[in-house]
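Q: okay, sequence plus prediction incoming.
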Amino acid sequence: MQFQLQAQFQPTGDQPQAIQKLSQGIQQGLKAQTLLGVTGSGKTFTIAKVIEKTQKPTLVISPNKTLAAQLYKEFKAFFPQNAVHYFVSYYDYYQPEAYLPPTDTYIEKEATINEDIDRLRHAATQALLTRRDVIIVASVSCIYGLGEKTDYEASSQIFTQGQTINRQEIIKELIAMQYERQDAACHRGQFRVAGDIIDIYLASGEAIVRLDLYDEIINSIYLWPLNPDNNKPRPLRLSDLQLTEAQKLTEIHILPAKHFMTPHDRLETASAAIRQELKERIQELQNQGKLLEAERLERRTNYDLEMLEQVGYCNGIENYSRHLAGRPAGSPPATLLDFFPDDFLTIIDESHITIPQITGMFAGDQARKEVLVEFGFRLPSAMDNRPLNFTEFNHKIKQVIYTSATPGPYELKHSQQIVEQIIRPTGVLDPAIEVRPTHGQIADLIKECQLRAQREEKVLITTLTKKMAEELADYLKEAGLKTNYLHSDVDTLERIEVLQGLRRNKYDVLVGVNLLREGLDLPEVSLIVILDADITGFLRNETSLIQTIGRAARHINGQVIMYADTITPAMNYAIKETERRRAIQAQYNKEHGLRPQAIKNAEWSNFD
């Protein structure tokens with residue numbers, strides 16, 4: 001199927017020239033381009049038009065889960081007939097394994113997996129293996145190990161109508177694909193058996209498949225499509241399935257229930273390789289006089305090997321991924337990027353943040369693992385269980401478009417074409433900026449918030465710390481304002497619910513630190529308040545200030561109030577740059593007789 005964009009509007013303002021230039025750049029084979037688009041200029045729509053023109057499978061990388069969720073809903077609305085999927089880290093809570101030598105403290109890995117996000121990840125990879133019209137919206141978790149694509153595909157099974165196969169063989173194949181048998185009410189990634197009927201609840205949560213056997217022949221194949229985005233996945237009961245609602249198929253391709261698949265013969269080879277590495281590492285530690293570390297490593301690794309050989313799994317199995325995958329030392333891990341075809345397009349959203357994130361992931365991971373290896377908690381091969389480094393990432397992506405209102409030095413240096421998009425289709429100007437003294441700022445702030453609440457407009461307030469955000473939110477509640485806070489300690493899906501609450505008038509004010517800075521599409525917000533604007537640091541540098549100011553750029557009454565006693569160089573730059581853009585926009589409106597119009601976007605939500 002071809003990408004078919006559906007929208008009730010056409011490109012206007014700067015969008016037509018941006019779409020043409022970026023599309024031509026891709027067709028001409030340019031490796032890197034930058035879309036420098038101000039907040040509210042319709043960068044997402046521009047990129048959607050580029051995807052439609054170029055017809056390339058596309059990976060969109062966002063700097064955090066909240067923005068990824070917003071982009072997912074926007075692209076899904078633009079391409080309702082195509083495969084748009086969401087791929088972020090499936091951990092609600094994650095404490096990596098670590099060792100702190102100064103206090104001799106070992107911290108075990110702890111993690112809580114979000115089943116909804118795991119389902120979405122499976123739907124994403126399965127779409128990539130079965131069609132080309134795919135857009136995956138991901139966080140930087142896409143550069144972490146995912147399992148070998150070849151093993152994942154090789155472990156899949158195709159069942160056809162008329163195929164000769166007995167019930168036990170099908171059950172054995174499903175278990176090999178890591179589906180679990182549950183003959184009562186079964187969930188996603190499980191199957192049940194009732195006589196000669198086998199029902200399979202696909203790992204993607206998108207369908208239930210029934211294989212109806214007769215005399216060791218697959219007599220019929222039925223499929224019940226589900227819409228897990230609108231209906232919470234629930235246990236499957238026999239009474240749920242009515243044949244009148246099913247699609248009858250002649251063939252079904254079932255992919256594994258887990259991303260990490262290791263053939264049994266390779267498990268034996270991997271065990272031998274791990275034992276050999278263990279032997280060499282123990283000798284090395286003993287030669288260095290590290291007898292405690294050698295004993296610790298031997299004990300831990302032998303326990304893991306016994307678990308692998310007996311049950312096929314052990315805690316921390318990912319630390320042996322290099323051996324299990326049969327990869328050479330130092331080679332890059334298999335990631336989501338390997339599931340894409342060779343000609344895919346990459347979009348790096350809010351690139352001024354996302355690029356440094358991708359660059360820093362590898363270094364942080366290696367620093368932690370080096371300590372674990374040095375003190376005998378892990379074999380040296382554990383270092384290869386890692387995210388891609390930036391060089392490897394660049395090698396894997398083919399063509400890339402960076403999008404940002406404030407591109408970083410890397411994008412500006414390496415882009416072969418930079419396309420500006422300053423004019424908003426709505427004619428809305430960049431917000432007016434006012435600097436006010438800090439004396440009496442809270443009383444003044446409350447007055448401004450009350451004024452916006454009376455007009456049913458919304459306010460975002462940025463502070464410097466999470467504690468300040470929480471305390472200010474509580475204080476504003478006591479003052480009678482409907483307020484909540486939003487920062488990185490708030491769970492992924494709960495963040496989206498908080499933002500929904502703002503749009504649904506549950507809240508009038510949101511207080512945050514960094515999450516309120518980039519990309520959020522909140523046209524109801526008319527006032528941005530920046531507390532401690534003159535405190536130097538990355539939260540108040542030029543880029544951060546311009547991005548924060550942009551949150552009010554979708555409202556015709558957009559205003560920014562900075563509370564500060566001095567004007568720093570960063571403040572001065574942000575104010576002048578905003579005024580420059582505002583002047584260009586006003587001139588365009590005058591020349592084209594364009595009058596600013598208020599916009600009200602449809603609500604974007606999570607996946608319920």
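A: All right, it came through fine. Numbering: from 1, shown residues only.

Q: how about stretch 363-372: buried residues?
A: 365, 369, 372 (16 or more other CB atoms under 10 Å). (Glycine included, C-beta is placed from N, CA and C.)

Q: kindly export that stretch (C-alpha atoms) in PDB.
A: Coordinates of each C-alpha in stretch 363-372 appear next as PDB, following Å, rounded to 0.1, in the frame of the first residue of the first chain:
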ATOM      1  CA  ALA A 363      29.400   6.600  27.000                       C
ATOM      2  CA  GLY A 364      27.100   6.400  30.100                       C
ATOM      3  CA  ASP A 365      26.400   2.700  29.500                       C
ATOM      4  CA  GLN A 366      30.100   1.800  29.100                       C
ATOM      5  CA  ALA A 367      31.200   3.700  32.200                       C
ATOM      6  CA  ARG A 368      28.800   1.600  34.300                       C
ATOM      7  CA  LYS A 369      29.700  -1.700  32.700                       C
ATOM      8  CA  GLU A 370      33.500  -1.100  33.000                       C
ATOM      9  CA  VAL A 371      33.100  -1.100  36.800                       C
ATOM     10  CA  LEU A 372      31.000  -4.300  36.800                       C
END
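
Q: ok, residues contacting it?
A: With CB atoms under 8 Å, 6 or more residues apart in numbering as the test, stretch 363-372 has contacts from 96-99, 101, 378, 382-383, 385-387.

Q: just confirm K172 is within a strand.
A: No: with DSSP: H, G, I helix; E, B strand; the rest coil as the criterion, K172 is helix rather than part of a strand.

Q: which residues touch the residue nearest the centre of the chain?
A: When CA atoms, centre = their mean is applied to the chain, the residue found nearest the centroid is S139 (2.6 Å). When contacts are counted by CB under 8 Å, 6+ apart, S139 touches 61-65, 68, 87-89.

Q: the closest residue to it other than its chain neighbours and A363: what is the separation?
A: Nearest residue to S139 in three dimensions, chain neighbours excluded: V88, at 4.2 Å (CB to CB, 6 or more residues apart in numbering). With the distance defined as CB to CB, to the nearest Å, V88 ends up 21 Å from A363.

Q: repeat for G145
A: Distance, G145 to A363, by CB to CB: 17 Å.

Q: C-terminal to the helix or strand bottoming out on mean pLDDT in the chain, what's the next element?
A: For the chain, counting by mean pLDDT, DSSP states H and E, strand 91-95 ranks last in confidence among helices and strands (a mean of 80). Downstream of strand 91-95, the next assigned helix or strand under DSSP states H and E is strand 98-100.

Q: please name the nearest non-neighbouring residue to Q4.
A: In space, Q4 is closest to Q81, 5.6 Å off (CB to CB, 6+ apart).

Q: tell me the SS of the one you found?
A: coil.

Q: tally of neighbours for it?
A: Residues near Q81, counting by other CB atoms under 10 Å, number 12.

Q: wait, it sits on M1?
A: Yes: between Q81 and M1 there is a contact under CB atoms under 8 Å: 6.9 Å.

Q: picking up where we left off before, so which of the contacts of S139 belong to helices?
A: Using DSSP state H to define helices, the subset of the contacts of S139 located there is 65, 68.

Q: identify the farthest-apart pair in the contacts of stretch 363-372.
A: Distance extremes for the contacts of stretch 363-372: the farthest pair is P101 and P387 at 23.9 Å, using CB to CB.

Q: quick one: which of the two has more around it?
A: Shown here are P101 and P387; by other CB under 10 Å, P387 has more neighbours (24 against 9).

Q: isn't that one right up against I143?
A: Yes: assessed by CB under 8 Å, P387 is found in contact with I143 at 4.6 Å.

Q: quick one: D384 and I317, what's the gap?
A: 14 Å.

Q: swap in S62?
A: From S62 to I317 the distance is 29 Å (CB to CB).
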